[in-house]
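Novice: Let's see this in three dimensions:
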Amino acid sequence: MSLTDQIYDQVLQRNPGEKEFHQAVKEVLDSLAPVVEKHPEFAKHKVIERIVEPERQIMFRVPWVDDNGGVQVNRGFRIEFNSALGPYKGGLRFHPSVYLGIIKFLGFEQIFKNSLTGTPIGGGKGGSDFDPKGKSDNEVMRFCQSFMGELYRHIGADTDVPAGDIGVGGREIGYMFGQYKKITNRFEGVLTGKGLNWGGSLVRPEATGYGAVYFAEEMLKVRGTDFNGKTVAVSGSGNVAQFATQKVNQLGGKVVTLSDSGGFIYDPDGVVGEKWEYVMELKNVKRGRISEYAEKYGCDYYPGKRPWEIKCDVALPSATQNELDGNEAKVLIDNGCIAVSEGANMPCTPEAADLFVENKVSFGPGKAANAGGVATSALEMSQNSQRLAWTFEEVDEKLHNIMINIHKNSRDAAAKYGAPDNLIVGANVAGFLKVAQAMIDQGVV
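Specialist: Numbering: from 1, shown residues only. Take a look at the predicted model:
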C-alpha cells in the first residue's frame, strides 16, 4: 500500500461519516504520489499526515431569539486548518446542510486554493447550520451577534480572517463586524467582504464569478479560442453565478441557464442587459425564486432539474458541491461542451471530473478556478493594512493576473509531474508544494 493510501485510510478512521471531507482529501492525495516519490523529505517530515489534520477545530452553541420571542439554538463552527503561509483565511457558510464534515472539506480545499493565489494566507473555513432564508433582518442580526459573541475569541487581522460564503453576504458581514468591533473595541481588517464605505474592496462581490470566467478564458486560449460567440450554461443564481454571467456577457459569450434549489431556466436569447439586472434585483433584493424570471420573460423553466442537459460550449457549475454527476457530465460531453470551470467548491463529483479529463474537456477544478474570491479578499486585507482603497480597475487587473498565474502554474505543475493538461493534478500539486515547503521550513509545529 502506498503512503498516500495509508494516509487516506487514517483519514477515514479518524473522521467517520464526513464524506465531503473524505472526497476532498482523496482528490488531493490521488495527485501526490509522484510528488512524494520525487521529494522523500515530505515523507520524512510527515507533511501529508500533518496537512490533513486541522490545526484547530472549534464548535460552539449559538442561541438567539426570534421575532416571536422564542429561543432558537444553532451550532457554529470554525476550522483553522493550516497557517503555514499566513493567517487562516476562508469564508463562513450559513446553511442547514452545514456540519463538521462540510466545514472540514471546505477548509481543506482552502489550504491549496489560498496557496495558489500567491498571497500570504493560510486555510480555514467556518459557518453554522442557521438558515437566513425567510428570516427578518432583525433575526439575522441577532443570530450574527450571538455567533460573533463566541467567534471573536478565535479570529483577528493577523490570526484568522473570515469572509462570506453561501448564506453570508454583505448584510451578515456587517452585523458580525459591528459585534466584533463592539466586543474588542478594535476597528481592524478582521473580516473581508465589508461594505465599501467602511473598509471593503471594489471587485470583491464580483471576484469569484469573474475569476471563474477568467480561468475558463485561459483554458479556451490553450484550445485556440475564446468566449466570443460561445453558449454558456451556468448553475446557481447567487453571487458567483450573477457575476460570472456578467463577465461572460462582457467577453462576448451568451449565458442561457441559471438555477436555484427549485429548478432552472433556459433562455436561448441569453441573460443579458435588462434581464441580468432583473436577476440581480430578484435574488439580492426581493430574494425570490428563479422561476419568476421564466414567468416574466416567457422562457422555459424546468422544476426540480439541473441545467446540464442544455447544449453548451462552456459550463460554469456555480451552485454547490456535487451538483454535477457522471451522467450529467456524459450529456455535456455528448453535446459538445469543451470547457468546464468550477465556480462553486467541488461542484463536480469525482466521476464527472474524471470523465471531463478523459474526454479532453478543459476542466478547471474549484481550488483553482474559483480562487478569485479569496484572492480579492487578500487584496482587501492588503488595502486595510495600508489604509488605502484601490480603484475598480486596479483590483480587477490584479485579480485577472492572479487567475492567469494560477492557470499557468497549475498547467506547468501538471506537465512537470507527468499529467499534461490535467489541471486537477496541476492545481493540487502546485498548491501543495508551496505549503509543504513552508511547513518544513517552520519545523514540527
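Novice: and the nearest residue to K275 once chain neighbours are set aside, how many neighbours does it have?
Specialist: Nearest non-adjacent residue to K275, counting by Cβ to Cβ, 6 or more residues apart in numbering: Y297, 6.1 Å away. Any C-beta I mention is one placed from the backbone N, CA and C, and that applies to glycine too. By the criterion of other Cβ atoms under 10 Å, Y297 has 14 neighbours.
Novice: Was I right to think Y297 contacts W276?
Specialist: No. Applying Cβ atoms under 8 Å, one finds Y297 not in contact with W276, separated by 11.3 Å.
Novice: roughly how far apart are the residue nearest to K275 and A319?
Specialist: Shown here: Y297 relative to A319, a distance of 21 Å by Cβ to Cβ, to the nearest Å.
Novice: same deal with L258?
Specialist: 10 Å.
Novice: any shared contact partners between those two?
Specialist: In terms of Cβ atoms under 8 Å, 6 or more residues apart in numbering, L258 and A319 are both contacted by the residues S235, G236, A241.
Novice: Return a PyMOL selection command for the buried portion of the residues you listed.
Specialist: Restricted to buried positions by 16 or more other Cβ atoms under 10 Å, the PyMOL selection for the shared contacts of L258 and A319 reads:
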select buried, resi 235+236+241
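Novice: how near is L106 to I7?
Specialist: 20 Å.
Novice: out of these two, which sits in the busier spot?
Specialist: Neighbours per residue, other Cβ under 10 Å: of L106 and I7, the larger number sits with L106, 30 against 19.
Novice: Could you pull up the residues touching that one?
Specialist: G90, G91, R93, K125, D165, N345.
Novice: low-confidence ranges in the stretch 151-300 of the chain?
Specialist: Judged against pLDDT under 70, the stretch 151-300 of the chain has no low-scoring part.
Novice: hey, where'd the strands end up in it?
Specialist: For the stretch 151-300 of the chain, applying DSSP state E, counting those that start in this stretch gives strands covering 160-163, 231-234, 254-260, 263-266, 300-303.
Novice: Among the ones you listed, which comes closest to D441?
Specialist: Nearest to D441, of all the strands of the stretch 151-300 of the chain, is strand 160-163, at 21.2 Å by Cβ to Cβ.
Novice: next one: phi and psi at the residue nearest the centre of the chain?
Specialist: Nearest to the mean C-alpha position of the chain, counting by Cα atoms, centre = their mean, stands N345 at 4.5 Å. When read as degrees, to the nearest 10, the backbone of N345 gives phi -90, psi 110.
Novice: which ones are touching the residue lying closest to it once chain neighbours are set aside?
Specialist: Take N345 and drop its neighbours on the chain: the residue closest to it by Cβ to Cβ, 6+ apart is G366, 5.0 Å away. By Cβ under 8 Å, 6+ apart, the contact list for G366 reads E109, K113, E342, G343, A344, N345, M346, P347.
Novice: If we use 10 Å, what do you get?
Specialist: By Cβ atoms under 10 Å, 6 or more residues apart in numbering, the residues touching G366 are 24, 109, 113, 208, 212, 317-318, 321, 341-348, 353, 427.
Novice: Also F264?
Specialist: For F264, the contacting residues are 233-237, 257-258, 290-291, 294, 300-310, 319, by Cβ under 10 Å, 6+ apart.
Novice: Over to L151?
Specialist: Contact analysis of L151 by Cβ under 10 Å, 6+ apart lists 58, 60, 62, 76-78, 92, 126, 128, 144, 160, 162, 176, 179-180, 190-191.
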